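Visitor: fold the following and give me the result.
(one chain, ligands or ions: 2)
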Amino acid sequence: MNSKEHGDQRTGALQQQLVHTLDYEQLMNCMRCGFCQPACPTFQQTGLEAASPRGRIALMKAVADGLMEPDEAFKQQMDLCLGCRACEPVCPSDVKYGQLLEQTKDALFEHAEPTAGALTVRRLHKLAKPIFKRHRRLRLMSTILQAYQRSGLQRLADKGKLLRWLPAHMQTMERIMPRADSRGVVKRVGGHRFAAKGERIGTVGMFRGCIMDVLFTETNVNTVRLLTESGYDVVIPEEQSCCGALFSHSGDRDTAREFAKQNVKVFRDAKVDYIASNAGGCGAMLVEYDHLLADEADWVEPARAFAAQVKDISELLLRSKRWNHLPESAAQAEPAPQSDAARDNAVTVTYQDSCHLRNVMRAGEGPRQLLRLIPGTNFVELEGAEVCCGSAGIYNLVQPQMANDIVDSRMKAVRDTRASIILTSNPGCLLQMKIGAEREKASSSIQVMHVVDYFSEKILK
Ligand code: SF4
Ligand code: SF4
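Guide: Ligands and ions are numbered 1, 2, ... in the order given. Model prediction:
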């Protein structure tokens, strides 16, 4: 068989899988109203129908109907989609776009052409799987990064301009990378269990994440402190694994399922009331474990129970009286009125949404409510805060041009707020906004922080 025949066979197999797996009812649910288009960052940037949610659904349906082949142009549009799911909450037909995208990515991953790029992705997945599954292996890997950052090698590489051979976006990423801490949260706080302070609300199992735990260890430490101070017993189960989002979003759903089962089992054994997430990307993956494991009879119920327990940290904090100077629930609290003098002395902060926290967990209001309660904080809403910043997992590495265009437009909106601090609820968004500040040459005047670190700095210190 020659290479053209091989290619035709692969395209045929891909089409078959798409016909078989794409949820036709969801495709038909789209009434082509276009309400989703203004919400879509790739449509905003390109103005192209094919780069909009409606256009992508039309492409999927054309393939499912056999009217077109899943060719290179089809694949490009699917790859260009950020998976931010901003199209879902605005859709009057409740089209489950995220599920359609997953089904498409799954098929594309399965039948990818054996190009150097696709083979590299497969090899990376193979290499990454055992590391992300066992946390101690990830911590071991992070010691390499830690040694590079702390031994002076990073400074030498920077001085000697040794990284010039890297693409520009990778050089920026290397510059803004936080300092790794291979100890992780458990070693930093000295254990797996911590008692609530004050009036007890319940027991929280802390989802520590993978990258989160070695690159944002301080945020995890602050998460434990905030939760215990707010009245929760905290348990950090040692055998939990990565949430699986990195694998699921690139089409490797089998690996994601394996990770999901491990987490469901580990947190069930820990007998917790809630599972706390401090990263929108991970939390969104965890709340959809019921969907991920829907075809596995033995796992349907445990996955549903697990998903129902997952909460963003802001939702948990809002249940605590510690966070509200009023006796009622902070969820109903109005922002406290501020005098002019108080407002002048307050630090001006703004908030960039995590798409997954907002569009999937539907918990985008929590961080805002808490910010309005913190004394000395002048919270200014960011215009278009709900638009994806361009991070989207590893999107900013594989689609750097689009990611840069998006973050540049986000930074313009940040300028208008005059904020000196940009807050986010997800490590990927935090890094991407740091890239935005770096590109604007504003990293010395604008700080980018995780909301948890800000809450902790303002409330606990
Ligand atoms: S808003 Fe929903 S129904 Fe309307 S075009 Fe977009 S996906 Fe289709
Ligand atoms: S997921 Fe985001 S980028 Fe993709 S179609 Fe929906 S709004 Fe556009």
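Visitor: going forward, measure contacts between C-alpha atoms and count neighbours the same way
Guide: Fine.
Visitor: residues from the chain in reach of ligand 1?
Guide: 30-36, 53-54, 91-93, 95 (C-alpha under 6 Å from any ligand atom).
Visitor: out of those residues, flag the one nearest to ligand 2.
Guide: Nearest to ligand 2 among the residues of the chain next to ligand 1 is Pro53, at 3.7 Å by C-alpha to the nearest ligand atom.
Visitor: show the pLDDT at the nearest residue to Cys388 once chain neighbours are set aside.
Guide: Spatial nearest neighbour of Cys388, excluding adjacent residues (C-alpha to C-alpha, 6 or more residues apart in numbering): Cys355 at 5.9 Å. At Cys355, the model reports a pLDDT of 94.
Visitor: if we can go back for a sec, in PyMOL, select just the buried ones from the residues of the chain next to ligand 1.
Guide: The PyMOL selection below is limited to those of the residues of the chain next to ligand 1 classed as buried (16 or more other C-alpha atoms under 10 Å):
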select buried, resi 30+34+36+53+54+91+95
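Visitor: using TSV, lay out the residues of the chain next to ligand 1 together with distance to Val287.
Guide: Shown next, in TSV, are the residues of the chain next to ligand 1 (distance: C-alpha to C-alpha, whole Å):
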residue	distance to Val287
Cys30	24
Met31	28
Arg32	28
Cys33	29
Gly34	28
Phe35	26
Cys36	23
Pro53	23
Arg54	25
Cys91	20
Pro92	22
Ser93	22
Val95	18
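Visitor: now, the residues of the chain next to ligand 1 that are in strands?
Guide: In strands, judged by DSSP state E, none of these are found.
Visitor: and the residues of the chain next to ligand 1 as a markdown table, adding pLDDT?
Guide: Formatted as a markdown table, those follow (pLDDT from 0 to 100):
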| residue | pLDDT |
| --- | --- |
| Cys30 | 97 |
| Met31 | 96 |
| Arg32 | 96 |
| Cys33 | 97 |
| Gly34 | 96 |
| Phe35 | 97 |
| Cys36 | 97 |
| Pro53 | 98 |
| Arg54 | 98 |
| Cys91 | 97 |
| Pro92 | 97 |
| Ser93 | 97 |
| Val95 | 97 |
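Visitor: Pro38 should be in a helix, yeah?
Guide: Yes: membership of Pro38 in a helix is supported by DSSP: H, G, I helix; E, B strand; the rest coil.
Visitor: give me the low-pLDDT residue ranges for the protein?
Guide: Applying pLDDT under 70 to the chain flags residues 1-3, 113-123, 159-160, 162, 324-344.
Visitor: what does it put close to ligand 2?
Guide: So far as C-alpha under 6 Å from any ligand atom goes, the chain lies against ligand 2 at 39-42, 52-53, 81-87.
Visitor: could those go into JSON lines alongside distance to Ile176?
Guide: Output for the residues of the chain next to ligand 2, formatted as JSON lines (distance: C-alpha to C-alpha, whole Å):
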{"residue": "Ala39", "distance to Ile176": "29"}
{"residue": "Cys40", "distance to Ile176": "27"}
{"residue": "Pro41", "distance to Ile176": "24"}
{"residue": "Thr42", "distance to Ile176": "25"}
{"residue": "Ser52", "distance to Ile176": "31"}
{"residue": "Pro53", "distance to Ile176": "32"}
{"residue": "Cys81", "distance to Ile176": "25"}
{"residue": "Leu82", "distance to Ile176": "22"}
{"residue": "Gly83", "distance to Ile176": "24"}
{"residue": "Cys84", "distance to Ile176": "23"}
{"residue": "Arg85", "distance to Ile176": "27"}
{"residue": "Ala86", "distance to Ile176": "27"}
{"residue": "Cys87", "distance to Ile176": "30"}
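Visitor: most surrounded residue in those residues?
Guide: Tallying neighbours with other C-alpha atoms under 10 Å puts Pro53 at the head of those, with 29 neighbours.
Visitor: closest point of the stretch 151-300 of the chain to ligand 2, which residue?
Guide: Counting by C-alpha to the nearest ligand atom, the stretch 151-300 of the chain gets nearest to ligand 2 through His249 (11.3 Å).
Visitor: which ones are touching that residue?
Guide: When contacts are counted by C-alpha atoms under 8 Å, 6 or more residues apart in numbering, His249 touches 83, 102, 105, 393.
Visitor: show me which of those residues is closest to ligand 2.
Guide: For the contacts of His249, the nearest to ligand 2 is Gly83 (3.7 Å; C-alpha to the nearest ligand atom).
Visitor: wait, that closest one touches Gly98, no?
Guide: Yes: if you go by C-alpha atoms under 8 Å, Gly83 and Gly98 touch, sitting 6.8 Å apart.
Visitor: show me where the stretch 201-350 of the chain has strands.
Guide: Under the criterion DSSP state E, counting those that start in this stretch, the stretch 201-350 of the chain contains strands at 202-206, 232-235, 274-277, 310-312, 347-351.
Visitor: who wins for proximity to Thr21 among those strands?
Guide: strand 310-312 (27.9 Å; C-alpha to C-alpha).
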